[in-house]
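[1] what follows is a predicted structure for the sequence shown.
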Amino acid sequence: MLAALVYEKRSISEVVSTFDVARSWVYKLLSRYKAEGQAAFEPRSRRPHTTPRAISTETLIAIIKVRDELAGQGLDAGPDTICWHLATHYRITVSPTTVWRYLHKAEMITPEPRKKPKSSYIRFEANLPNETWQTDFTHHRLSTGQDTEILSFIDDHSRYALAIVAFRRVSGASVVATFRKAVAAHGIPASVLSDNGLVFTTRFAQGGKHHGRNGFQHELHKLGVVQKNSRPNHPTTCGKVERFQQTLKKWLRAQTPQPATITELQTLLNEFIDHYNTRRPHRSLGRRTPLAAWLSRPKTGPTGSNTGIHYRIRHDRIDDAGKVTLRHAGRLHHIGIGRRHARTRIILLIEDLHIRIIHGTTGALLQELDLDPNRGYQPQQQKDT
């Protein structure tokens, strides 16, 4: 347009018509040519004169510093967490979007694989602390190459870590012992949610519904605690404790040196509990710490005593020594019946501790007793004549 006006001496009206532009724009170009000469022919930057959303260099340095510190410690280093640390420790207020934009520009954002949209999940949360505890265990390898297992109990409402204990292998007895310590420290929960591991439930054990309760189930029943289990192949039901274990393992991997013994691992776990509960803001808790959420509301507990009787029917055979075995609360007991009945097929009618042993063919009552949970061997009962 400038060339048409200056060199070809075309009129303004003709230039407006030919290039289909506003007349004011042509006048502006002429004014620029008169003021700048040949420089008016050079393209100009389209960068705005001001950038209201720009942050200072000091703020950018603080963002990168906080991000590196958190990531180096194996902690969450997302934009929301960075904003919380900036506001708490540096008195700097920026939006998570701004933090994300600058980290992305600096190529410090790690792309994540495509996930199911959050709208596809049905989210639930207990209304009060101790309304539901979630529990699970995960694996961790020591620096010596030895495998260990870490058992965790967390509160569903507040995400408060109630207990994190390392074992060489998690057993039914270790689950009961850890649960009892958590109850002694934090009170009895109304319910406990877990997956279907045999240390938590025997509902999918060999024998199905006729299998006895294990030690953990017996403990929950005794305290009146409702037991809840996820459906098979649905880990999202226990999503809070699953996500907690991801955070824990990421933090453990970032520690140097790596623990070489169970004792060293437990020391690190105790350190993590303190940090997680008291110094780590949680996004789903409104940027509060789990301890703050735990203390902010009254605790609930079992709604009533669980007095239901546990009925079982079991078909078995008396062994050559005249005994039959029965598992109660995870412990195996031997019941003496008599060598004269060896290899006899029997039916056991079980009502908690009360047991009747019936001949499988004739229906005759061979033995009736109340199981003593403290004795491994239940001697043969003498019948009254």
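    Good, I have the coordinates.
[2] please count neighbours and contacts with C-alpha atoms only from this point.
    Will do.
[3] now do the nearest residue to Asn130 once chain neighbours are set aside against Gln134, distance only.
    By the measure of C-alpha to C-alpha, 6 or more residues apart in numbering, the closest residue to Asn130 outside its immediate chain neighbours is Pro189, 4.5 Å from it. Counting by C-alpha to C-alpha, to the nearest Å, the gap from Pro189 to Gln134 is 10 Å.
[4] burial count for Ala185?
    Counted by other C-alpha atoms under 10 Å, the residues lying close to Ala185 total 11.
[5] contacting residues around the helix or strand containing it?
    For Ala185, the element it lies in under DSSP states H and E is helix 172-186. With C-alpha atoms under 8 Å, 6 or more residues apart in numbering as the test, helix 172-186 has contacts from 151, 153, 162-163, 165, 189, 198-200, 214-216, 219, 330.
[6] please redo it, this time with the cut-off set to 7 Å
    Contacts of helix 172-186 with the rest of the structure, by C-alpha atoms under 7 Å, 6 or more residues apart in numbering, involve Leu162, Ala163, Val199, Gly215, Phe216.
[7] from those residues, which has minimum pLDDT?
    Ranked by pLDDT, these bottom out at Gly215, which has 87.
[8] surely that residue touches Gly330?
    Yes - at 4.5 Å, Gly215 counts as touching Gly330 under the criterion of C-alpha atoms under 7 Å.
[9] between these two, which one's more packed in?
    Between Gly215 and Gly330, Gly215 has the larger neighbour count (other C-alpha under 10 Å), namely 24 against 18.
[10] OK, contacts around the residue lying closest to the more buried one once chain neighbours are set aside?
    By the measure of C-alpha to C-alpha, 6+ apart, the closest residue to Gly215 outside its immediate chain neighbours is Ala329, 4.0 Å from it. Residues counted as contacts of Ala329 (C-alpha under 7 Å, 6+ apart) are Arg213, Asn214, Gly215, His218.
[11] try it again at 8 Å.
    Applying C-alpha under 8 Å, 6+ apart, we find Ala329 in contact with Gly212, Arg213, Asn214, Gly215, Phe216, Gln217, His218, Glu219.
[12] Arg213 too?
    For Arg213, the residues meeting the contact criterion (C-alpha under 8 Å, 6+ apart) are Thr201, Thr202, His328, Ala329, Gly330.
[13] my read is that the third one contacts Asn214, right?
    Yes - counting by C-alpha atoms under 8 Å, Asn214 is a contact partner of His328 at 6.8 Å.
[14] counting neighbours, go ahead and name the busier of these two.
    Here His328 and Asn214 are compared on neighbour count by other C-alpha under 10 Å; more neighbours surround Asn214, at 22 against 19.
[15] can you tell me how far the more buried one is from Glu351?
    Taken as C-alpha to C-alpha, the span from Asn214 to Glu351 is 15 Å.
[16] before we move on, back to that, tell me the one among the contacts of helix 172-186 nearest to Trp251.
    Closest approach to Trp251 among the contacts of helix 172-186 (C-alpha to C-alpha): Ala163, at 16.7 Å.
[17] what is the least confident helix or strand in the chain?
    Taking mean pLDDT, DSSP states H and E as the measure, the helix or strand of the chain with the lowest value is strand 311-317, at a mean of 81.
[18] list the buried residues of that strand.
    Buried residues in strand 311-317, counting neighbours by 16 or more other C-alpha atoms under 10 Å, are found at Ile313, Asp316, Arg317.
[19] got a list of what the second one touches?
    Looking back up the chat, that one is Asp316. Neighbour list for Asp316: Val324, Arg345, Ile346, Ile347, Leu348 [criterion: C-alpha under 8 Å, 6+ apart].
[20] low-scoring stretches of this structure, by residue?
    Along the chain, segments meeting pLDDT under 70 span 112-123, 206-211, 304-311, 382-385.
[21] Ile350 in helix, strand or coil?
    Under DSSP: H, G, I helix; E, B strand; the rest coil, Ile350 falls in the strand class.
[22] quick one: the helices in this structure?
    For the chain, the helices defined by DSSP state H occupy 2-6, 12-19, 23-36, 57-72, 79-85, 96-105, 172-186, 215-223, 239-253, 262-278, 290-295.
[23] which other helices and strands contact the shortest one?
    Judged by 3 or more C-alpha pairs under 8 Å, 6 or more residues apart in numbering; DSSP states H and E, the packing partners of helix 2-6 are helix 12-19, helix 23-36.
[24] switch these over to a markdown table; also include mean neighbour count.
    A markdown table is the format used below for those (neighbours: other C-alpha atoms under 10 Å):
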| stretch | mean neighbour count |
| --- | --- |
| helix 12-19 | 13 |
| helix 23-36 | 13 |
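[25] quick one, which of the ones you listed is nearest to Gly78?
    helix 23-36 (46.9 Å).
[26] could you list the domains of this protein?
    Using automatic domain parsing, the domains assigned to the chain come out as 2-41, 57-105, 122-295, 311-378.
[27] in CSV, list these along with distance to Pro302.
    Putting the domains of the chain into CSV (distance: least, C-alpha to C-alpha, whole Å) gives the following:
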stretch, distance to Pro302
domain 2-41, 78
domain 57-105, 35
domain 122-295, 4
domain 311-378, 20
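[28] can you verify my assumption that Pro379 contacts Gly336?
    Yes - using C-alpha under 8 Å, Pro379 makes contact with Gly336 at a distance of 5.1 Å.
[29] looking at these two, which is more packed in?
    Looking at Pro379 and Gly336 with other C-alpha under 10 Å, you find the greater number of neighbours at Gly336, namely 19 against 14.
[30] run the chain-centre distance for stretch 131-147.
    Relative to its chain's centre, stretch 131-147 lies at 12 Å (C-alpha atoms, centre = their mean, to the nearest Å).
[31] just the buried positions in that stretch, please.
    Across stretch 131-147, burial judged by 16+ other C-alpha under 10 Å covers Glu131, Thr132, Trp133, Gln134, Thr135, Asp136, Phe137, Thr138, His139, His140, Arg141, Leu142.
[32] mark which of the residues you listed are part of strands, please.
    Using DSSP state E, Trp133, Gln134, Thr135, Asp136, Phe137, Thr138, His139, His140, Arg141 are the members of the buried residues of stretch 131-147 that sit in strands.
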